[in-house]
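Participant: sequence isn't available, so here's the structure alone:
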């Protein structure tokens, strides 16, 4: 596995990304038990008996798991997994409460994470999987310039091609 130099905290103007901690286990376990959230984010995970085993699964699955916070309140999750050097990385992003959606938090979390990984650019594509019937998520990712690559078993696989510019800036293709 390749480890990028990504800080424990990534602070934006209104949101903060904080690396997943053991204390987030119960919160994420209860939030991700909601079938609508799982359905809308395209996540599938094994069932766990305890929040600790769920937390451990998250830590092993995601090489960079972050909790999305607004005013020190946890509102979502963003994480990178299946990192393939010089190829691609997959991303999951979910905002848990309906009241926190459509306020730009997901877009800001995406841009914060992408900006902070540009110094250690080890991949060329970011890939997301979205359920075919989830028009809200599809439009969210399209707004971020993701394009449909493939569809498989009820999911649309979308990708964003990126490259590091000569000046170290992140460019999106």
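Facilitator: Nice, thanks for sending it over. Being a predicted model, the structure only gives us computed values, none of them experimental.
Participant: and the contacts of the biggest helix by length in the chain?
Facilitator: As assigned by DSSP state H, the longest helix anywhere in the chain is helix 105-117. Helix 105-117 has contacts (C-beta atoms under 8 Å, 6 or more residues apart in numbering) with 4, 6-7, 10, 12-15, 17, 64, 66, 68, 70, 75-76, 78, 80, 91, 93, 95, 126, 140, 143-144, 162, 170. Yep, even glycine has a C-beta here, placed from its N, CA and C like the rest.
Participant: now, those residues that are in strands?
Facilitator: Judged by DSSP state E, strands contain the following of those: 10, 15, 17, 64, 66, 68, 70, 75-76, 78, 80, 91, 93, 95, 126, 162, 170.
Participant: PyMOL command for the buried members of these?
Facilitator: Buried residues within the ones in strands among the contacts of helix 105-117, by 16 or more other C-beta atoms under 10 Å, are selected in PyMOL with:
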select buried, resi 10+15+17+64+66+68+70+75+76+78+80+91+93+95+126+162+170
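Participant: give me the neighbour count for residue 113.
Facilitator: Number of residues near residue 113 (other C-beta atoms under 10 Å) recorded here: 21.
Participant: ok, so what distance separates it from residue 59?
Facilitator: 17 Å (C-beta to C-beta, to the nearest Å).
Participant: go on, residue 93?
Facilitator: Distance from residue 93 to residue 59, by C-beta to C-beta: 18 Å.
Participant: then residue 84?
Facilitator: 20 Å.
Participant: for residue 136, same thing?
Facilitator: 29 Å.
Participant: which of those two has more neighbours?
Facilitator: Comparing residue 136 with residue 59 by other C-beta under 10 Å, the one with more neighbours is residue 59, at 15 against 10.
Participant: buried set for the helix or strand containing that one?
Facilitator: When elements are assigned from DSSP states H and E, residue 59 belongs to helix 51-61. Residues 51, 54, 55, 58 are the ones in helix 51-61 that count as buried (16+ other C-beta under 10 Å).
Participant: repeat that for stretch 122-141.
Facilitator: So, applying 16+ other C-beta under 10 Å, buried residues of stretch 122-141: 123-131, 134, 137-138, 140-141.
Participant: for those, which one is nearest residue 27?
Facilitator: Checking the buried residues of stretch 122-141 against residue 27 by C-beta to C-beta gives residue 137 as the nearest, at 21.8 Å.
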